[in-house]
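**Q** have a look; sequence and predicted model below, questions after that.
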Amino acid sequence: MNLSFFDQFSSPSILGIPLILIATVFPALLLPSLGNRWITNRLSTLQLWSINLITKQLMIPLNKKGHKWALILASLMMFLLLINLLGLLPYTFTPTTQLSMNLALAFPLWLATLLTGLRNQPSASLGHLLPEGTPTPLIPALILIETTSLLIRPLALGVRLTANLTAGHLLIQLISTATVALFSTMPMISILTLLVLFLLTILEVAVAMIQAYVFVLLLSLYLQENI
Amino acid sequence: GPLSERPLMEVRLGELHTWISTCNFSPQGLLGAVQRAWSSYCAKYIHVKQGGPAGISMLLAGSCLLSYGWNYQHFKRHRWRKYH
């Protein structure tokens, strides 16, 4: 059987039950449902505080109609954040390394923003295709370029998330393989590599959080243009 | 109280097989058992006024173990592989 470094991303399944189902549902277990108490436990307080922070950040630039999107954007943010961070634990499977899942998240949401804009304010939406103050001879070329950039947005959203997480996981696996392989022959180099591994893990934690935020922020920006 | 109504932790080892025979193994019964186990875990470790990291860490450790078991077929031969 040919092995490559990409084997860690193949979706494992036991008895036909894929792990990706459990890995996608598991983050929901970590968020306790808020009862009707005013002061809850520490975990619920933390969760409330983070959801408040995220929702405020996202909703400030949006007008009143955009606030209808608060629920889906905040829950998408918590979903991606938890899945990305949980993927850094040993042996866990990260569903967001699968391009299929990220495109399935990005494409419908982007299409929803586009159709909202085209339906409610069609001329303003189409007006975004031409930035203000362009010289007249450039107009046809610029419209084509802006249309391409508009249509490539869902692909960019999905691929950005996939590529960042996949690259991070691959780097961690490569460097840890190097550390283990070097340990018997050159221990000092192995310790240096271990230091690099620690720094890389800190970077991966940051990337996991930033990529989730960027995904949702870009969607809210696309919504801002169109609502 | 009577054997069938005692929770699992209060059943003595000798009466375990009798207790199991009184269990309700229908889908609703199993679902109810899962529901009760989850809510007793939450009540004990999470819905506490001054909870610590222990409640969540046990869940995360459990998920690591579960993922290990799920992937076992893949890396049971890792030690003998030349290229990983």
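**A** Nice, I can see it.

**Q** which helix of the chain spans the most residues?
**A** Defaulting to chain A. Ranked by number of residues, the top helix in chain A under DSSP state H is helix A:187-226.

**Q** that answer is for a different chain, and I need it for chain B
**A** Chain B, longest helix under DSSP H: helix B:27-45.

**Q** distance from the chain centre to that one, please.
**A** When distances are taken as Cα atoms, centre = their mean, to the nearest Å, helix B:27-45 is centred 10 Å away from the chain's centroid.

**Q** how far away is A:Ile172 from B:Trp80?
**A** A:Ile172 sits 23 Å away from B:Trp80, going by Cβ to Cβ, to the nearest Å. (Each C-beta comes from the backbone N, C-alpha and C, glycine too.)

**Q** buried set for the longest helix of chain B?
**A** Applying a neighbour-count criterion of 16 or more other Cβ atoms under 10 Å in any protein chain shown, the buried positions in helix B:27-45 are B:Cys42, B:Tyr45.

**Q** immediately after that helix, which helix or strand?
**A** For helix B:27-45, the following helix or strand on the C-terminal side (DSSP states H and E) is helix B:54-70.

**Q** hmm, the next helix or strand after that next one in reach of chain A?
**A** Going down the chain from helix B:54-70, the next helix or strand is helix B:72-75, by DSSP H and E. Yes - applying Cβ under 8 Å from any Cβ of the partner chain, one finds helix B:72-75 touching chain A at B:Gln73, B:His74.

**Q** from the chain's centroid, how far away is helix B:72-75?
**A** With Cα atoms, centre = their mean, you get 22 Å for helix B:72-75.

**Q** for it, give the mean pLDDT please.
**A** Average pLDDT, helix B:72-75: 79.

**Q** neighbour-wise, which of A:Ile172 and B:Trp80 wins?
**A** Shown here are A:Ile172 and B:Trp80; by other Cβ atoms under 10 Å in any protein chain shown, A:Ile172 has more neighbours (17 against 6).

**Q** residue contacts, the more buried one?
**A** Neighbouring residues of A:Ile172 by Cβ atoms under 8 Å, 6 or more residues apart in numbering or on different chains: A:Leu197, A:Leu200, A:Thr201, A:Glu204.

**Q** let me have those in TSV, extended by pLDDT and neighbour count.
**A** Output for these, formatted as TSV (pLDDT from 0 to 100; neighbours: other Cβ atoms under 10 Å in any protein chain shown):
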residue	pLDDT	neighbour count
A:Leu197	91	16
A:Leu200	92	17
A:Thr201	92	16
A:Glu204	92	21
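
**Q** what's the separation between A:Leu171 and A:Ala178?
**A** 11 Å.

**Q** and A:Thr94, by the same measure?
**A** 22 Å.

**Q** which residues of chain A lie near chain B?
**A** A:3, A:5, A:7, A:12-14, A:19, A:22-23, A:26, A:29-30, A:32, A:40-43, A:86, A:89-93, A:173, A:177.

**Q** let's see that with 6 Å instead.
**A** Within chain A, the positions near chain B by Cβ under 6 Å from any Cβ of the partner chain are A:12, A:14, A:19, A:26, A:32, A:41-43, A:89-92, A:177.

**Q** now, the most widely separated pair of those residues?
**A** Maximum pairwise distance among the residues of chain A next to chain B (Cβ to Cβ): 41.1 Å, between A:Asn41 and A:Thr177.

**Q** who's more crowded, the two?
**A** The neighbour count for A:Asn41 versus A:Thr177, taken as other Cβ under 10 Å, is higher for A:Asn41 (21 against 14).

**Q** please report how far that one lies from A:Ser50.
**A** In terms of Cβ to Cβ, A:Asn41 sits 15 Å off from A:Ser50.
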